[in-house]
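Novice: The sequence isn't on hand, but the structure is:
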């Protein structure tokens, strides 16, 4: 369904497409991950068309590995009828935080930015996520993983943990003090433990707080450094279906996913 007639305001989106795609070798020996085809379309085209369909008018794509292939493909398709620019990271990969910081200056307005990994397929209601986000908001689920984001009863980010190692990152001293085992979650039973989807809404009001962050850095590390000062929220979707097209054996699953 095309939602443009329901939502007339400009919408911004950033596509993270600069990764090396090492898990998709040998395909990525000759092409960037964003150009890996699923059901006859490159991943970047699938996402651009989805974003355009919900009313996104301005897209920035960060590029690094075989960057020119992505640029040439988008230009050959007349930018899919919307405004698409590229954030060039060919000199150095900036990771998610550095990549967002550099790309943000290319948007023509100061509206929130829907940030989406190019290799993620999902049934997420991206329009609802974007329009209802009153602060920077991370789309999360309860899928099983080793690394979780921690949120309080008000769905506000308070920390991160690796349950395999017991490591915890948090600006809150009471969360930093733990003994590295399951008793941490007994002690902090009110915490919600969610997996990040690779999809988020970033509010540009946070950009001045990035001034001291230089070069490459993780957006999650940045959020963890400020979440005790400004709200970083989660949006939990119990019906979220998500597929990371990160390995060769996931391409067939991705085709089945798109056919549903």
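Specialist: Noted; the coordinates are in hand. The structure displayed is predicted, hence computed values, not measured ones.
Novice: Paired strands for the lengthiest strand in the chain, with orientation please.
Specialist: If you go by DSSP state E, the chain has its longest strand at strand 192-202. With DSSP bridges as the test, strand 192-202 is paired with strand 113-117 (antiparallel), strand 137-141 (antiparallel), strand 147-151 (antiparallel).
Novice: Quick one: low-confidence residue ranges for this protein.
Specialist: When residues are selected by pLDDT under 70, those of the chain lie in 1-9, 177-188.
Novice: give me that answer again for 90
Specialist: The chain contains residues with pLDDT under 90 at 1-10, 20-28, 31, 143, 163-167, 173-190, 237-239, 246-247, 249-250, 259-260.
Novice: can you give me the strands in it?
Specialist: Using DSSP E, the strands of the chain run over 12-16, 37-38, 41-42, 58-63, 83-88, 113-117, 120-122, 137-141, 147-151, 157-162, 167-169, 192-202, 233-236, 242-244.
Novice: got the ones you listed as TSV, with distance to residue 214 and mean neighbour count columns?
Specialist: (Glycine included, C-beta is placed from N, CA and C.) Below are the strands of the chain laid out as TSV (distance: least, CB to CB, whole Å; neighbours: other CB atoms under 10 Å):
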stretch	distance to residue 214	mean neighbour count
strand 12-16	19	26
strand 37-38	36	18
strand 41-42	32	17
strand 58-63	17	24
strand 83-88	16	18
strand 113-117	20	24
strand 120-122	27	20
strand 137-141	24	25
strand 147-151	24	21
strand 157-162	22	21
strand 167-169	20	16
strand 192-202	19	21
strand 233-236	27	19
strand 242-244	29	17
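Novice: pretty sure residue 56 contacts residue 14?
Specialist: No. With contact defined as CB atoms under 8 Å, residue 56 and residue 14 do not form a contacting pair (10.3 Å).
Novice: who touches both of these two?
Specialist: Here residue 56 and residue 14 have residue 114 as joint contacts, going by CB atoms under 8 Å, 6 or more residues apart in numbering.
Novice: okay, the strands paired with strand 192-202 in JSON lines with distance to residue 42 next?
Specialist: Below are these laid out as JSON lines (distance: least, CB to CB, whole Å):
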{"stretch": "strand 113-117", "distance to residue 42": "14"}
{"stretch": "strand 137-141", "distance to residue 42": "23"}
{"stretch": "strand 147-151", "distance to residue 42": "29"}
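Novice: starting at the chain centroid, how far to the longest strand of the chain?
Specialist: For strand 192-202, the separation from the chain centroid amounts to 8 Å (computed by CA atoms, centre = their mean, to the nearest Å).
Novice: Repeat that for stretch 206-220.
Specialist: Distance, centroid of stretch 206-220 to centroid of chain: 15 Å (CA atoms, centre = their mean).
Novice: next one: stretch 122-134
Specialist: That offset, for stretch 122-134, works out to 13 Å (CA atoms, centre = their mean).
Novice: What are the buried residues along that stretch?
Specialist: For stretch 122-134, a neighbour-count test (16 or more other CB atoms under 10 Å) marks 122, 124, 125, 126, 127, 129, 130, 131, 133 as buried.
Novice: Just to check, the fifth one is in contact with residue 53?
Specialist: No. Under the criterion of CB under 8 Å, residue 127 lies out of contact with residue 53, with a separation of 9.0 Å.
Novice: related to what we said a few turns ago, among the buried residues of stretch 122-134, which pair sits farthest apart?
Specialist: The largest separation in the buried residues of stretch 122-134, counting by CB to CB, is between 122 and 131 at 17.2 Å.
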